[in-house]
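Trainee: Provided below are the primary sequence and the corresponding predicted coordinates.
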Amino acid sequence: MIRAGRQHLVRTLADLAAQRGVGIDRYNRLKPYEAEGFPAPVSSKDSRTRLYDGEQVDAYLLGKSVSPLPEADDDGDLLDRRECAALIGVSPRSWDVYKNDPALTEAKVEAGGVEHWPRHAVKAFQKSRPGRDASATRGGRPTRTGDQVPRDQVPARVTELLDADPTISAATVTERLGVHRDTAQQALTRLRADRIADHIGAHRTLTPAEAAAQLGYPAGQVRRATARAETVLRARHAAPYLDGVATALHRAGWTTTEAAPDVQFPGDDRVVAALVLDGDQAPAPALVWDERYGWRTAASRRHPITKGAALPSEGGGVRYLTGGITPPPDDVVAALTP
């Protein structure tokens, strides 16, 4: 975590590479951060983006004693998604749903391009989040009165219901929350798919159907969820490659940040990712990767991914890049270079 008052000291691997005067690829090959005595990351274990405390790194590079970070928890500490999830006792995937709560959206800050939340905001959310006994303790509506839930709050509410009852049906969600049946079914499918994928990640010999059964999901309710789980797993497998391309585009000056690609699952059965090219000299508004055909340019930054399964035709800002499904990141840059 980033201890209170130290956000301004956060450095990424790219920052450390620049400090040493080399590119990020060479820096990662040299791996100086694995040397004995090099300060440990302040990012959580297994975090995709490593973050370091700049004051500690500077002391190490100057051969000085590296002062330890404060050990006592502070309400001003900044926590990443894994740390937030651990604090309130849920999975990181559940946090990805909870973080859309308006209070958490307002409290979110970015450090090193990574989303963080102040400890005090997470604790306040934990006290206020809905649960099975919320109406009894806070005087809310009875469970079955059919609350009219705003669309952006549906995933968090459905998460609570699924936590309480893995066998819950879309019909019951509709009854409890007063949402449309399609909305309830979509939320259940996405949540179950993410959890099935998480379970397979921890038990790699399982099939999606076996993982669903172990999670307590009725076989008759999870056909779409198991299919989407396979798509989610492919997306996770592709994530390091997509991050590598994002890094290469940032290094070329075509993106202002090294933000991870926006991944979507059209129809629940394919992986599509978009990278907005917001640099001044960017050769296109956006770049889209589809697991069926690879990379193409897009004419719109706001809506780079087109609806439907049909591939957009070339022309009007759309150009398909050669090199296969997963060309090396530098080849993607070369293919885009005017």
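Mentor: Received it, and whenever you're ready, just let me know what you need.

Trainee: what's the distance between the residue minimising distance to the centre of the chain and residue 84?
Mentor: Centroid-nearest residue in the chain: residue 96, 7.0 Å away (criterion: CA atoms, centre = their mean). Per CB to CB, to the nearest Å, residue 96 is found 10 Å from residue 84. (C-beta placed from N, C-alpha, C; glycine too.)

Trainee: one step back: could you find the closest non-adjacent residue to the residue nearest to the centre of the chain?
Mentor: Using CB to CB, 6 or more residues apart in numbering and skipping residues adjacent in sequence, the residue nearest residue 96 is residue 81, 6.7 Å away.

Trainee: Was I right to think the one you found contacts residue 95?
Mentor: Yes - look at residue 81 against residue 95 with CB atoms under 8 Å: they come within range, at 5.1 Å.

Trainee: More neighbours: which of these two?
Mentor: residue 95 (23 against 19; other CB atoms under 10 Å).

Trainee: What residues does the more buried one make contact with?
Mentor: 81, 82, 84, 85, 88 (CB atoms under 8 Å, 6 or more residues apart in numbering).

Trainee: ranking those by neighbours, who comes first?
Mentor: Busiest of the contacts of residue 95 [other CB under 10 Å] is residue 84, holding 28 neighbours.

Trainee: what's near enough to touch it?
Mentor: Here residue 84 is in contact with 95, 99, 117, 122 (CB under 8 Å, 6+ apart).

Trainee: pLDDT weak spots in the stretch 101-250 of the chain?
Mentor: Filtered on pLDDT under 70, the stretch 101-250 of the chain yields the residue ranges 129-148.

Trainee: what does stretch 19-36 rub up against?
Mentor: So stretch 19-36 is in contact with 11, 13, 14, 16, 17, 38, 50, 52, 57, 61, 247, 251, going by CB under 8 Å, 6+ apart.

Trainee: So which residues of the stretch 151-300 of the chain form helices?
Mentor: Shown for the stretch 151-300 of the chain, the helices assigned by DSSP state H, counting those that start in this stretch span residues 154-164, 170-177, 181-202, 208-214, 223-251.

Trainee: pLDDT at residue 87, what is it?
Mentor: Per-residue pLDDT puts residue 87 at 92.

Trainee: Report the secondary structure element holding the closest residue in space to it that isn't next to it in sequence.
Mentor: Nearest residue to residue 87 in three dimensions, chain neighbours excluded: residue 122, at 5.4 Å (CB to CB, 6+ apart). According to DSSP states H and E, residue 122 maps onto helix 119-128.

Trainee: Repeat that for residue 15.
Mentor: Going by DSSP H and E, residue 15 is in helix 13-20.

Trainee: Now do that helix against helix 223-251, angle only.
Mentor: Going by axes from the mean of the first three to the mean of the last three CA atoms, to 10 degrees, helix 13-20 is angled at 20 degrees with respect to helix 223-251.

Trainee: With just CA atoms, put helix 13-20 into CSV.
Mentor: C-alpha atoms of helix 13-20 as CSV (Å, rounded to 0.1, in the frame of the first residue of the first chain):
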residue,chain,number,x,y,z
LEU,A,13,9.2,0.7,-13.3
ALA,A,14,9.2,3.1,-16.3
ASP,A,15,10.2,6.0,-13.9
LEU,A,16,13.0,3.9,-12.5
ALA,A,17,14.2,3.0,-16.0
ALA,A,18,14.2,6.7,-17.0
GLN,A,19,16.1,7.5,-13.8
ARG,A,20,18.8,5.0,-14.9
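
Trainee: Just the terminal-to-terminal distance for stretch 63-80.
Mentor: By CA to CA, to the nearest Å, the extent of stretch 63-80 from end to end equals 30 Å.

Trainee: Please apply the same query to stretch 63-71.
Mentor: With CA to CA, one end of stretch 63-71 sits 23 Å from the other.
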